[in-house]
Structures are given as C-alpha cells and as structure tokens.
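1. okay, predicted coordinates and the sequence, questions at the end:
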Amino acid sequence: MKLCPCGSSLPRRDLVDARGIFCAFVCDFCEPHKRACYRPEIFTDPNYWTDEPIETGGLPMSEKTIAIILIGPGGELDRKKIIVNDDDDMSETSVAICNAIEEAMEEWVLSPGDTIKIEEISEQ
C-alpha cells in the first residue's frame, strides 16, 4: 500500500476524470482540495470541453526515456528510468514524470544535501 503524497499517512488512490484520465494521487483528506484545482465538470461529463484534442487511440506516439536520479554529496546514489510519450504540449509527460518522482521518493531515504535530477536519456 502506497501512502498519499500529501503527507496524511492515508492510502493513496488515483483521481481520474470522467474520461478515465489520471489527474492526481489523492486520499480522503486531500481529495476535495485537489479536485478544486480542476473544473468540476471534468469529473462528471465525459464530453467536457477541451481546447486541445484528447487522444483515445490511433497511431502510437513516439517515446522517450527519462531518468530520475538521486544524487548525494558523493555522487549518484540511485536511478529510476521511465518511458514516456513524447507529446507536443508535455502535459502527459509532466504527469508521468511527477508520478515517477513521487514513487521514487517513497522508496528513497533522502538526506540533507541530496538532490534529484531529471534528464532525458538518448537511446542509441
């Protein structure tokens, strides 16, 4: 069981819109606050208005590999790799990276002076 990133120590779950698109990790404590960051109709109307197309299938998008790196005072301590869609507006990529960082931080023990670096990896 993974805990909610809000710090409540409650179990987390996915908050998805009416189309099944992931919005955030939530728990009973933080869900009202996180829902308030979105237009209310996205949770009830699967035909809600958007100013950009939402892909529901079709041709696969190109992908890129992202590394999330934990760096301590002595250098690299750990590395997580994820593969994300290379979308033009970066919205899905940003969500995927944020989710991967949250998951990595749940596994890592951070010490003062540690940093997290994100970089794109060129696959040769």
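-> Cool, the structure landed.

2. what about the strands in this structure?
-> 13-16, 22-26, 63-72, 75-85, 115-121 (DSSP state E).

3. export those strands to CSV and append columns for mean pLDDT and distance to R39.
-> For glycine as for every other residue, the C-beta is placed from the backbone atoms N, C-alpha and C. Below are the strands of the chain laid out as CSV (pLDDT from 0 to 100; distance: least, C-beta to C-beta, whole Å):
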stretch, mean pLDDT, distance to R39
strand 13-16, 92, 14
strand 22-26, 89, 11
strand 63-72, 85, 29
strand 75-85, 84, 23
strand 115-121, 86, 29
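
4. just those: most buried one?
-> Neighbour counts (mean count of other C-beta atoms under 10 Å) averaged over each of these peak at strand 22-26, with a mean of 19.

5. that strand pairs with which strands?
-> strand 13-16 (antiparallel) (DSSP bridges).

6. most centrally placed residue in the protein?
-> Taking C-alpha atoms, centre = their mean, the centroid of the chain lies closest to N99, which sits 2.7 Å from it.

7. which parts of the lowest-mean-pLDDT helix or strand in the chain are buried?
-> In the chain, no helix or strand scores lower on mean pLDDT, DSSP states H and E than helix 91-107, which sits at a mean of 77. Neighbour counts over helix 91-107 (16 or more other C-beta atoms under 10 Å) mark E92, T93, A96, I97, N99, A100, I101, E103, A104 as buried.

8. what's in contact with it?
-> Helix 91-107 has contacts (C-beta atoms under 8 Å, 6 or more residues apart in numbering) with 2-3, 5, 22, 25, 66, 68, 70, 78, 80, 82, 84-87, 116, 118.

9. same thing with stretch 114-124?
-> 64-73, 77, 81, 97, 101, 104-105.

10. picking that back up, mind putting the buried residues of helix 91-107 into JSON lines with distance to D51?
-> Below are the buried residues of helix 91-107 laid out as JSON lines (distance: C-beta to C-beta, whole Å):
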{"residue": "E92", "distance to D51": "15"}
{"residue": "T93", "distance to D51": "18"}
{"residue": "A96", "distance to D51": "21"}
{"residue": "I97", "distance to D51": "23"}
{"residue": "N99", "distance to D51": "24"}
{"residue": "A100", "distance to D51": "27"}
{"residue": "I101", "distance to D51": "27"}
{"residue": "E103", "distance to D51": "30"}
{"residue": "A104", "distance to D51": "32"}
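
11. thank you kindly, that will do.
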